[in-house]
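Student: starting from these lines, generate the structure:
(2 chains)
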Amino acid sequence: MTNKNRHFDEDLDLKVSPKLSEDLNTLFKQQFSVPPEVDRAIIDKAHQHLIPKHWRHRIFHHISLWRVAAAAAVIIFAFSLNLTQEPGPRTSRTVLVKAQAVDIDENGRVDILDAFKLARHIESAESTKTKLSPVLSTGQALVKQGWDINGDGLVDRNDVDLVALSAVRLDKNKGVL
Amino acid sequence: MDSDQELIELVNQGNPDAFEVLYRRYRDWVYRLAWRFTGNEQDALDVLQETFTYLLGKFPGFELTASMTTFLYPVVKHLSIAVRNKSRRFTSDEEILGEIAAPALKDAQGNRKELAAALTVLPDEQREVLLMRFVDDTTLQEIAKALNIPIGTVKSRLHHALKRLRHDRRTQDYFLE
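Tutor: Numbering: from 1, shown residues only, chains lettered A, B, ... in the order given. As a prediction, the model looks like this:
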């Protein structure tokens, strides 16, 4: 150390009052608060930077496998439900295909005459204000069980329409009971 | 509590939590220093983020050969100058000094006001060393490393800064007889 530097040291160490340091700190060491979002941004950046790429890749790969497995499980579960559940509501066309066409006049064929006969039964019931129900009418001669083609609990014009439609669309073999 | 060296070793191994500890340890110091250079809160926050982004970029493979503040000081200083230039704020160092000290001066009594006024007439490099020594508690050796100047120059600058203050009528009370 040179003499000049030693001179500086003496100046620095001996002649400065602690008050100088105190007042400088009061002037410049004010309390600050860094917003938490700034902290978050820096820490997030550190996580992105420091987690090695191959680890990130492995984590991503791991997550992907789980996703695929979960999706497969959901699909299998959905299929198993579909197979065990009763068929859901159908359109009238589907009902028509599935429903056994009813031979109203019992002549061995399902044709448009069956529809006419059913319509007449309904009209006559309406004129006498009788509500046609296959359950209530089990013992009655007017309505036979099974005339409720669409299964809605009533024998009405909708059933007539279904019989008529089945007479038109079904071939004779399928229509024959 | 882990030392800086231990934390750096952990960060080098890819541990982001260790980086967070380092960040929280030096965050306020960096922010305060940046604010001292920029005189503006928003700019100081920008510098804070950029400083730690720069530090993060050193990992893995970072080796700390001095104290953390010695490493960070020139980074904060250069980034602050860049931010000031970018924001085109042509504020002089004296104005910044006045701005920084303003809140503390509101309630300050005689001595502190006069100290703040006396600091504004110090050359930048002398004031810088004075503040590093008395506000940041940096050793002369660390100041020399941080500023990349010989320790003799540090002592010389500090000596001249103190000499000016001692001969200044407003601040001579800070010096012992």
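Student: contacts only, for the nearest residue to residue B:87 once chain neighbours are set aside.
Tutor: Nearest non-adjacent residue to residue B:87, counting by C-beta to C-beta, 6 or more residues apart in numbering or on different chains: residue B:43, 6.2 Å away. Where C-beta positions appear, they are placed from N, C-alpha and C, glycine not excepted. The neighbours of residue B:43, taking C-beta atoms under 8 Å, 6 or more residues apart in numbering or on different chains as the test, are B:34, B:80, B:83-84, B:87, B:89.
Student: flag every buried residue along stretch B:14-22.
Tutor: For stretch B:14-22, the buried set under the neighbour-count rule, 16 or more other C-beta atoms under 10 Å in any protein chain shown, comprises B:15-16, B:18-22.
Student: is chain A within reach of that stretch?
Tutor: Yes - legend: contact between stretch B:14-22 and chain A by C-beta under 8 Å from any C-beta of the partner chain is shown at B:14-16, B:19-20.
Student: wait, a helix at residue B:85?
Tutor: Yes - with DSSP: H, G, I helix; E, B strand; the rest coil as the criterion, residue B:85 is part of a helix.
Student: neighbours around it, how many?
Tutor: Residue B:85 is flanked by 10 other residues according to other C-beta atoms under 10 Å in any protein chain shown.
Student: repeat that for residue B:79.
Tutor: When neighbours are defined as other C-beta under 10 Å, residue B:79 has 23 of them.
Student: just checking, what packs against whichever helix or strand residue B:119 is part of?
Tutor: Taking DSSP states H and E as the criterion, residue B:119 maps to helix B:110-120. Applying 3 or more C-beta pairs under 8 Å, 6 or more residues apart in numbering or on different chains; DSSP states H and E, one finds that helix B:110-120 contacts helix A:18-28, helix B:93-106, helix B:151-167.
Student: now that helix: buried residues?
Tutor: In helix B:110-120, counting by 16+ other C-beta under 10 Å, buried: B:112-119.
Student: spatially nearest residue to the residue most central in space within chain B (excluding sequence neighbours)?
Tutor: The residue lying closest to the centre of chain B (C-alpha atoms, centre = their mean) is residue B:33, at 4.0 Å. Once flanking residues are discounted, residue B:33 sits nearest to residue B:76: 4.9 Å by C-beta to C-beta, 6+ apart.
Student: secondary structure element holding the one you found?
Tutor: helix B:68-86.
Student: for that helix, list every residue counted as buried.
Tutor: So helix B:68-86, judged by 16+ other C-beta under 10 Å, has buried residues B:68-73, B:75-77, B:79-80, B:83-84.
Student: off-centre distance for it?
Tutor: Remark: helix B:68-86 is offset 9 Å from the chain centroid, using C-alpha atoms, centre = their mean, to the nearest Å.
Student: elements contacting it?
Tutor: In terms of contacts (3+ C-beta pairs under 8 Å, 6+ apart), helix B:68-86 is packed against helix B:16-38, helix B:41-57, helix B:140-147.
Student: for residue A:148, give me phi and psi.
Tutor: Phi and psi for residue A:148, reported as degrees, to the nearest 10, are phi -80, psi 80.
Student: ok, now how distant is it from residue B:30?
Tutor: According to C-beta to C-beta, to the nearest Å, residue A:148 and residue B:30 sit 85 Å apart.
Student: same question for residue A:28.
Tutor: Counting by C-beta to C-beta, the separation of residue A:28 from residue B:30 is 14 Å.
Student: which of those two has more residues huddled nearby?
Tutor: residue B:30 (25 against 21).
Student: domains of chain B?
Tutor: Here the domain parsing of chain B from automatic domain parsing is B:4-86, B:113-172.
Student: whoops, I mixed them up, chain A
Tutor: Split by automatic domain parsing, chain A gives A:36-84, A:92-175.
Student: which stretch in the ones you listed has the least confidence?
Tutor: Between these, the lowest average pLDDT goes to domain A:92-175, which shows a mean of 68.
Student: by contact count, what packs against the host helix or strand of residue A:39?
Tutor: According to DSSP H and E, residue A:39 maps onto helix A:36-50. With contacts defined as 3+ C-beta pairs under 8 Å, 6+ apart, helix A:36-50 has these neighbours: helix B:16-38, helix B:41-57.
Student: would you turn the ones you listed into TSV with distance to residue A:112?
Tutor: TSV is the format used below for the helices and strands packed on helix A:36-50 (distance: least, C-beta to C-beta, whole Å):
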stretch	distance to residue A:112
helix B:16-38	82
helix B:41-57	85
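Student: now do the contacts for residue B:28.
Tutor: When contacts are counted by C-beta under 8 Å, 6+ apart, residue B:28 touches A:32, A:34.
Student: make TSV out of the helices and strands packed on helix A:36-50 and add mean pLDDT and distance to residue B:147.
Tutor: Output for the helices and strands packed on helix A:36-50, formatted as TSV (pLDDT from 0 to 100; distance: least, C-beta to C-beta, whole Å):
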stretch	mean pLDDT	distance to residue B:147
helix B:16-38	92	13
helix B:41-57	93	17
